[in-house]
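Trainee: Here you go, sequence then predicted model.
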Amino acid sequence: MRNDKQCEWRDMKKRNSALQLFIATHLRRSLDKVKTMTTRSIINAVKNNKLFGCVECDIHVPESLREHFKEMCLIFKNIEIRREDIGELMRSYAEENNVMYQPRRSLIGSMKGDKILLATPLLKWYLEHGLGVTRIYQVMEYTPKPCFKPFGDAVSDARRAGDADPSKAIIADTMKLVGNRYNDKDFNFVFYYYNCSSYGKTITNK
């Protein structure tokens, strides 16, 4: 979202009393009044279910737990992989068959993630199982509500009605198209967020 739209939103929040009432009754979040948060306070808020949203952070599996998690690495990420990064057996295979002569981007399981964006329920699970967070870059807080539930229910109800009554089939097919469109790559939700300092909250890594 462009800066002019962000400024327009700020102005509306100051001048529109109906919007102010809606925000006060529907969009209040637990950290709205917090101006400064340390890394420790953010982690505690995640653990105590006081913070819902996403956290961009550096996270790792401690050395003492690597043997425990070696069968299934916990942290999934997309990275560029070279022949030098893979094991000796597969490196020999790649050289013999002339594959991976250039780095390729792949999804892997890892013991660490740098600047990785995690949903707070997953981050909480990681923390409860002993993973360590060394740095937090930014936090995005959301209201934990299924905001598209009425839309999803309307699509599902229309499709069920079409199955039960052939005269409503055209409505069901139309709603199917509408529902699929909302899941299509061409439908772009524009999410925007401020970094923590410009939003009025500062993260200090302590």
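Mentor: Yep, it's here. Numbers count the residues shown, from 1 in each chain.
Trainee: For the rest of this, base every contact and every neighbour count on C-alpha atoms.
Mentor: Noted.
Trainee: in this structure, which ranges drop under the pLDDT threshold?
Mentor: Of all residues in the chain, those with pLDDT under 70 make up the ranges 1-6, 26-35, 183-206.
Trainee: Pick out the residue closest to the middle of this structure.
Mentor: Ala119 (4.8 Å; CA atoms, centre = their mean).
Trainee: Just give the closest residue to that one, not the sequence neighbours.
Mentor: Using CA to CA, 6 or more residues apart in numbering and skipping residues adjacent in sequence, the residue nearest Ala119 is Cys54, 4.4 Å away.
Trainee: SS state for Val46?
Mentor: Using DSSP: H, G, I helix; E, B strand; the rest coil as the criterion, the local structure at Val46 reads helix.
Trainee: In contact with it, which residues?
Mentor: Listed by CA atoms under 8 Å, 6 or more residues apart in numbering, the contact partners of Val46 are Phe52, Thr120, Pro121, Leu123, Lys124.
Trainee: ranking those residues by neighbours, who comes first?
Mentor: Within the contacts of Val46, Thr120 tops the neighbour count with 23 neighbours, counted by other CA atoms under 10 Å.
Trainee: Could you name whichever residue is most remote from the centre of the protein?
Mentor: The outermost residue of the chain relative to its centre, with distances by CA atoms, centre = their mean, is Ser167 at 41.3 Å.
Trainee: just to revisit the earlier point, do you know how far the residue nearest to Ala119 is from Ala169?
Mentor: When CA to CA, to the nearest Å is applied, the distance between Cys54 and Ala169 equals 40 Å.
Trainee: what helix or strand does the closest residue to Lys47 other than its chain neighbours sit in?
Mentor: Closest residue to Lys47 apart from its sequence neighbours, by CA to CA, 6+ apart: Lys124 at 5.4 Å. Of the helices and strands defined by DSSP states H and E, Lys124 is found in helix 120-128.
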